Every structure is written in structure tokens, then in C-alpha cells.
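Visitor: pasting the structure only:
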């Protein structure tokens with residue numbers, strides 16, 4: 001069944017005709033929404049004044065979404081792709097850094113938007129999404145951007161809540177949170193548990209989480225903040241299916257399945273002191289992750305991954321602005337035990353390897369208010385990446401070091417009180433990994449690999465006319481020394497893979513959010529992403545032939561992505577939202593072969609919530625169109641699809657006291 005965009009426009013007209021005056025105001029999620037951007041700053045600057053493409057989703061919106069899959073949130077933000085990165089549809093690289101309270105939750109080169117699911121979604125104050133390598137305060141490998149989750153702080157008055165939820169695919173959630181003050185200590189605590197069986201046989205997504213945040217003011221100028229988060233997760237994911245397999249039995253497990261039993265602890269401590277002319281902050285975090293499971297393309301593994309993150313920064317206030325200077329270091333080590341493919345009991349021999357990653361950074365960001373209308377943001381970030389891998393069985397050790405400095409520059413001009421235009425240029429760099437450089441097969445190694453370089457240019461506009469808000473940007477990002485794993489053939493016709501600096505790609509597009517709320521009981525929102533992702537120069541070595549991909553579109557790059565939403569408050573405390581998500585056709589392979597074309601069917605979501613005194617109730621229907629074929633892969637003449645859960649209905653209730 002097809003549901004074109006016109007349906008949402010008709011529904012908008014219907015909701016207008018049913019208008020009823022209430023005391024509710026449906027808040028905006030654009031960077032202009034006052035509730036969304038409350039307390040949202042970047043280096044001491046209100047995000048709406050930044051020369052950066054940034055969007056903020058506030059707690060009210062997050063509680064109404066109650067998302068499990070991060071795409072439920074990110075579909076509503078321009079720049080989302082169908083793989084793990086913002087803007088750049090390449091799932092094999094860490095172009096997106098996920099952070100909690102400004103600290104990366106894991107190795108910055110292993111970041112992905114999917115990592116949002118590892119954070120306690122019941123403990124989020126807001127989510128800040130910054131696009132591109134535009135800020136010196138964040139890692140230079142953030143070619144796609146940064147997702148910063150700001151956790152909830154202690155409320156001024158004691159509050160407690162219990163919530164329950166149940167629905168399709170044996171979905172169940174239960175949780176409790178509490179916040180307030182105990183003497184001089186402010187606290188917020190949350191514990192929750194989730195069980196979710198998917199559509200496919202034996203699929204699992206079970207997790208238990210808890211987090212607590214404590215704050216203590218030593219005096220008027222000095223404060224301490226501490227946070228602990230724990231996650232126990234068991235996930236079984238199924239591989240792709242062909243169209244014939246979906247028609248035969250859409251619930252079958254299929255091949256290339258994976259599983260992961262994970263326990264993760266994240267401990268964070270920050271001390272801050274206010275001087276007459278600035279603020280000094282020192283932060284340290286320790287993350288310990290233990291996993292056991294089968295990867296989709298390898299055998300069973302057991303790993304113990306630890307990361308220690310330290311950061312110190314000082315913000316100094318000037319008469320015409322301020323600057324932030326500081327240092328950040330991520331030091332990680334991962335001990336991996338790899339078993340034979342068929343050793344699911346983990347009782348046989350195994351290989352042991354220690355992987356080490358160190359990212360040391362110095363950064364400087366300056367905000368200068370030139371006059372009442374014009375401001376300049378400039379900065380630079382130096383990074384040194386050190387990699388090492390030691391194989392215990394043979395004592396072999398491989399290592400590599402890369403360093404670079406990436407400048408950032410932006411201008412913001414306030415045209416009128418309600419309209420701004422901004423322009424930014426920035427650079428970034430992305431270091432190759434050791435697996436790409438070293439191989440047990442000599443001809444598969446490549447010690448001459450260079451880091452990727454990104455040159456990003458962006459122009460943006462944001463503003464409002466009364467109840468009409470807009471936020472749009474045009475970006476152009478050229479990535480040179482593009483790292484690609486390619487297939488080669490030896491003289492004896494045997495095949496092998498080697499990573500090369502294949503050439504240059506251009507990632508460009510337009511990202512826009514439009515919101516209209518002429519009455520305070522309804523809101524219409526439209527998010528649109530246009531992309532033009534192409535290989536500028538890239539000769540691919542495939543088995544039996546050399547294919548020049550220059551001028552081809554990167555796979556999984558739909559030209560357009562629309563997300564349209566209508567939220568309506570027909571009576572006080574009742575909110576109804578209809579959401580439609582639409583993609584245009586894209587190629588599932590880099591060769592842009594006609595038989596690889598795919599267009600995901602439209603997806604509709606309906607969310608209803610009602611608040612009555614201390615009670616909140618919700619009834620949500622996701623994927624009402626029952627779309628299963630979510631993403632296509634085309635390889636060696638075969639089209640396969642990543643499937644998602646079909647039509648999903650769930651209901652919940654919470655009680656606050």
C-alpha cells in the first residue's frame with residue numbers, strides 16, 4: 001500500500017478544521033524552539049547563534065517518542081542515513097561520535113548513531129546533534145557529526161515516577177526514577193528493564209539499565225558532579241533475506257546471524273570552579289565493556305574493552321566574547337579472544353590479541369562578537385592517534401601513529417531580530433585502522449595508507465515569521481584519500497582484499513526543518529534531506545575486472561528523505577501525532593547497476609498520549625504500513641534486504657508522585 005506525502009497535508013487541513021482552543025503549546029524541535037534549546041550551549045554560546053548545523057530534541061519530545069530504535073528519533077532530524085553515520089552512508093567507519101554529557105561513550109573511531117541505544121533513554125534531558133567536523137571541541141573524525149546526549153540533573157523538588165509498557169512482539173518495559181535533594185546533595189536515579197522479541201525467529205533485544213547522577217556544591221564557586229551508568233544487554237540479530245525468502249516466511253532466521261551478550265559500566269566525574277572571568281572544568285570517565293558473542297562475519301569472541309577519558313578545559317570571558325582552551329585524551333585497550341567458527345561453546349583453542357587506541361587532542365575555540373549583528377567563531381584542534389595491536393600467540397606487534405591539526409572558522413550574521421545567516425568552513429581527518437594496514441598475507445598489507453582529509457563548507461539560514469520556523473543549510477564536503485577495502489586477484493586466480501586510498505568522494509546536500517504552529521494546539525513539521533554523494537575519482541579493483549566508479553553515486557544514498565509530522569492537541573493534555581517517513585529510490589551497489597535499485601515503502605507512525613493529574617498514558621502504533629524491507633544490499637547479482645519489525649502497537653502508563 002502506498003501513502004504519498006499528500007496524505008499528511010490532507011491530515012493537516014483536517015486537524016486545522018477541528019481546532020479547539022487549549023492551554024497546551026506543542027513545542028518546536030528546531031534549533032529555534034525555546035524549550036528545546038533551553039540551557040543548550042556549545043563552548044558557552046547559545047546553539048542558535050552558532051555557525052553550525054545543529055538541532056536539539058528536548059525531554060518532552062523524547063518522552064513522547066519513547067524510542068527503542070535510535071532511528072525513531074533520528075528519522076525526525078535531517079542528515080540521518082540508513083547506516084550508522086550522519087550524512088555519510090558508510091557503515092564501516094566511525095564518522096559520527098556519540099557522547100554523553102560531552103564525553104565520548106566509547107572509542108571515538110567506533111562511534112555510530114546506533115550507539116544511542118546503549119544509553120539510558122529514560123535519563124535524557126535533551127539530545128544535541130551537531131553536523132560535520134565544524135567544532136574544535138569535538139573529534140576531527142566527526143565528518144558526519146556529533147550526537148551529544150545531555151542527561152537529567154537533580155530537580156529542584158523531589159519527584160518520583162513508575163512506568164509500565166507492553167505491546168507487540170512480547171514487548172515489555174518497566175522502570176522507576178527518582179530525583180531531588182538529600183541535604184546538600186542533588187540526585188537523579190533511574191532503573192529500567194526491557195524485553196523485546198522481534199519479528200524474526202529467536203531475535204532478542206533484552207536489557208537492564210540503571211543510572212544515577214549526583215551533584216554537590218562545595219561553595220558558591222566550586223561544584224562536583226558524578227554519574228554512574230550500568231547496562232546489561234543481550235541481543236540476537238538476524239541477517240538479510242531475499243525477496244523470495246520474505247515471501248516464503250518473513251519470520252525465518254536466515255543466515256549471517258549475530259549475537260552479543262554485553263555488560264557495560266560508565267563512571268563519570270567532573271569538578272568545576274568559577275573565577276571572576278571564567279570557568280575551569282576537569283572531567284574523567286572510565287568505561288568498561290565486556291562482551292561475548294558471534295559476529296556476523298567471524299567466529300565467536302570474548303572481549304574486555306576499557307576506555308579512560310580525561311578532559312580539562314577553561315572558558316575565559318572577554319568584553320566582546322570568550323574563548324575555550326583545553327586538552328582531551330581517550331586511552332583505550334581491548335583484549336579479544338577469538339574462537340573457531342563452530343566453537344559456540346567456547347571450549348576450544350583461541351587466539352588472543354590486545355588492541356590499543358590512544359587519541360590525544362589539544363583544542364582552542366574562540367567566539368568573537370564583532371558588533372551587534374556579526375560574530376566570528378574560529379578554532380583549531382590538534383590530534384595524535386596512536387594504534388597498536390599485539391598478538392600473544394606469536395608475539396607479533398603492529399603499531400602506527402598519525403597526527404594532524406584541523407582549523408575551523410565560521411561567521412554568523414543577524415539579518416533581523418528573528419533571522420540569521422551563517423557560513424562555516426572546517427577540516428577534519430580520519431586515520432586508517434591497523435586491520436587495513438597489516439595483514440597475515442603480505443600482498444594484502446598496505447603500510448603506505450594515508451589518513452582521509454575532509455574539507456567541509458556550509459551555508460545556513462535560520463529564522464521565524466510569527467508561528468513559522470525554518471532552519472536549513474547547504475553543505476559540501478570533499479573527502480580525499482578515501483579509504484576503501486577492495487578485491488584483487490593474484491596471478492594464480494586466488495582472491496584477496498586490500499585497503500587502499502582509492503580516491504576522492506564528495507558528500508553534499510541540503511538539510512531543512514520547517515515548522516508551522518499557527519495555533520497553540522497543533523503543529524506541522526517537515527524535515528527534508530537532499531543528498532548528492534558521488535565518487536569524484538575512484539577506480540575499483542573487482543574480481544576479474546577494473547571498474548571506474550568516478551561519477552557514480554555512493555550506495556544507499558537516496559536523493560530525498562522526507563519526514564512529515566502533524567501534532568494536535570484536541571483537548572487539554574491529549575496529544576495526537578501522525579508521522580510519515582518517505583525515501584526516494586537509491587542504488588544498493590556502488591556500480592549503480594539498474595537491478596540494484598531499491599525504494600523503501602512509506603512508513604506511518606501514530607502516537608497518542610494523555611496526561612491526567614499524576615498519570616500519563618500512551619498508545620503508539622509504529623510502522624502502520626507494515627513495511628518489512630528496510631534496506632537493500634546488492635552483491636554478485638543478488639538483492640537482499642535488512643528487515644525490521646512489522647506493524648507494532650504498544651501501550652503504557654506512568655504514575656508520578
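Guide: Sure thing, it's come through. As the structure is a computational prediction, the values presented were derived from the model and not from experiment.

Visitor: Same question for the helix or strand that contains residue 207: list its buried residues.
Guide: In this structure, residue 207 is located in strand 204-217 according to DSSP states H and E. Burial within strand 204-217, assessed by neighbour count using 16 or more other Cβ atoms under 10 Å, is assigned to 204, 205, 206, 207, 209, 210, 211, 212, 213, 214, 215. (C-beta placed from N, C-alpha, C; glycine too.)

Visitor: With distance to residue 136 and pLDDT as extra columns, can I get the residues you listed in CSV?
Guide: Output for these, formatted as CSV (distance: Cβ to Cβ, whole Å; pLDDT from 0 to 100):
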residue, distance to residue 136, pLDDT
204, 41, 94
205, 37, 95
206, 40, 97
207, 35, 96
209, 33, 96
210, 34, 96
211, 29, 97
212, 32, 97
213, 27, 97
214, 30, 97
215, 28, 97
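
Visitor: Name the nearest of these relative to residue 231.
Guide: The closest of these to residue 231 turns out to be residue 209 (Cβ to Cβ; 5.2 Å).

Visitor: I figured that closest one was touching residue 174, is that so?
Guide: No: contact criterion Cβ atoms under 8 Å: residue 209 and residue 174 do not qualify, at 11.5 Å.

Visitor: Adjacent strands (with direction) for the strand holding residue 207?
Guide: With DSSP bridges as the criterion, the sheet partners recorded for strand 204-217 are strand 185-195 (antiparallel), strand 222-237 (antiparallel).

Visitor: Of all those, which one is nearest residue 480?
Guide: strand 222-237 (34.2 Å).

Visitor: Show the average pLDDT along the closest one.
Guide: Taken as a whole, strand 222-237 carries a mean pLDDT of 96.

Visitor: same question, stretch 179-192
Guide: 95.

Visitor: immediately after the worst-scoring helix or strand of the chain on mean pLDDT, which helix or strand?
Guide: Using mean pLDDT, DSSP states H and E, helix 6-17 stands out as the lowest-scoring helix or strand of the chain, at a mean of 35. On the C-terminal side of helix 6-17, the closest following helix or strand by DSSP H and E is strand 41-42.

Visitor: how far is that next one from where the chain is centred?
Guide: 18 Å (Cα atoms, centre = their mean, to the nearest Å).

Visitor: so what strands line up beside it?
Guide: For strand 41-42, the pairing partners within the sheet under DSSP bridges are strand 45-46 (antiparallel).

Visitor: And the next helix or strand past the strand it pairs with?
Guide: With elements assigned by DSSP H and E, the helix or strand that comes after strand 45-46 is strand 54-58.

Visitor: sec struct for residue 443, please.
Guide: Using DSSP: H, G, I helix; E, B strand; the rest coil, the structure places residue 443 in helix.

Visitor: Enumerate every residue touching it.
Guide: Taking Cβ atoms under 8 Å, 6 or more residues apart in numbering, we find residue 443 in contact with 488, 490, 496, 498.

Visitor: same deal with residue 208?
Guide: 192, 193, 194, 231, 232, 233.

Visitor: repeat that for 7 Å
Guide: Contact criterion Cβ atoms under 7 Å, 6 or more residues apart in numbering gives 193, 232 as the residues in contact with residue 208.

Visitor: Report the beta-bridge partners for it.
Guide: Counting by DSSP bridges, the residues bridging with residue 208 are residue 193, residue 232.

Visitor: What residues of stretch 486-498 count as buried?
Guide: Counting neighbours by 16+ other Cβ under 10 Å, stretch 486-498 gives residue 498 as buried.
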